[in-house]
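Asker: Okay, structure incoming, though there's no sequence with it:
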């Protein structure tokens, strides 16, 4: 599988993403880091709302929904099919 | 009769309030703090010859002024300087919870880490090496189940020992990148000159580097209000002082 960094907002539902970059700045960056959106951490894409925004992610065993504004600025790579 | 003030900090849903109610026997009343509308529960109980006043801080993931809740919790630990801060962690998601623990350890050395929901973790097959956590963090670490009254006595023993100085924790200090550390080394003497040793100098320096405007504002208010400084001074709890 080619490993290309994609924004979380484009990730497939059910996939696992290993984060490598967070391009959000300021207080919001701090908040995302505190919630577990940390480079190296693996995030599972849970589901999209009917209009495609926001998207729910599982981080550190907690489900957190992000708007496209934020999730399009968080990047990572698909990790091997270790799906349940 | 000795009296100690204990603050409970922790992520939302870690069972802080359950612990609070277990300790106080549900006799809490809510308090309004520092002109904020966020409520903190406050209660009291006596154990042996010691009275404990317990403050249940708002549940937060962080103490970096993202919200009013976080500011209330932060200001309480920094300005009211409780004798002991208990950091309540959820045993089933330590990774997320330890973030807050590290933040508190940068603010005060008088911390007891309390791993709650230990029975729940056991059921999920999660084993927790308390000894190791305690060593890594440099503060006492106790497993409890607030809901089922497991480990409460042990927790209170440690809290009392930290409060009366029998145990002097030596919390782990995060070492940052060389660039940040060199800025800290420049800032810290200045801060000490301005504020004295009332507040954790390193922590304030880190906040300044982060450009934390709201903390600066609060600090300025506190410094201009002689009543607060005068009242707070005798309450500060020298690390080396033995009680």
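Answerer: Structure's in. What do you need? Here the structure is a predicted model, which means the values were calculated and not measured.

Asker: How confident was the prediction at residue A:2?
Answerer: Per-residue pLDDT puts residue A:2 at 54.

Asker: Show me what secondary structure element comes after the least confident helix or strand in chain A by mean pLDDT.
Answerer: Lowest mean confidence among the helices and strands of chain A (mean pLDDT, DSSP states H and E): helix A:26-35, at a mean of 87. Beyond helix A:26-35 in the direction of the C-terminus, DSSP states H and E gives the next helix or strand as strand A:42-48.

Asker: Could you list the residues of chain A in contact with chain B?
Answerer: With the criterion set to C-beta under 8 Å from any C-beta of the partner chain, chain A comes near chain B through A:27, A:30, A:31, A:34, A:35, A:36, A:59, A:60, A:61, A:62. The way it works is simple: take the backbone N, C-alpha and C, and place the C-beta from them, glycine included.

Asker: Out of the residues you listed, which two sit at the greatest distance?
Answerer: Checked with C-beta to C-beta, these reach their widest spread between A:27 and A:61, with 24.3 Å between them.

Asker: Show me which of these two is the more surrounded one.
Answerer: It is residue A:27, of residue A:27 and residue A:61, that has more neighbours when counted by other C-beta atoms under 10 Å in any protein chain shown, with 16 against 12.

Asker: surely the more buried one meets residue B:66?
Answerer: Yes: checked against C-beta atoms under 8 Å, the pair residue A:27 and residue B:66 is within contact range at 5.7 Å.

Asker: what bits of the chain have low per-residue confidence?
Answerer: Going with chain A. Residue ranges of chain A with pLDDT under 70: A:1-3, A:81-84.

Asker: nope, chain B please
Answerer: When the per-residue scores of chain B are filtered using pLDDT under 70, the ranges that remain are B:26-39, B:65, B:225-243.

Asker: quick one: contacts for residue B:102?
Answerer: Neighbour list for residue B:102: B:172, B:174 [criterion: C-beta atoms under 8 Å, 6 or more residues apart in numbering or on different chains].

Asker: Repeat the analysis, applying 10 Å as the threshold.
Answerer: The contact partners of residue B:102, taken as C-beta atoms under 10 Å, 6 or more residues apart in numbering or on different chains, are B:87, B:137, B:171, B:172, B:173, B:174.
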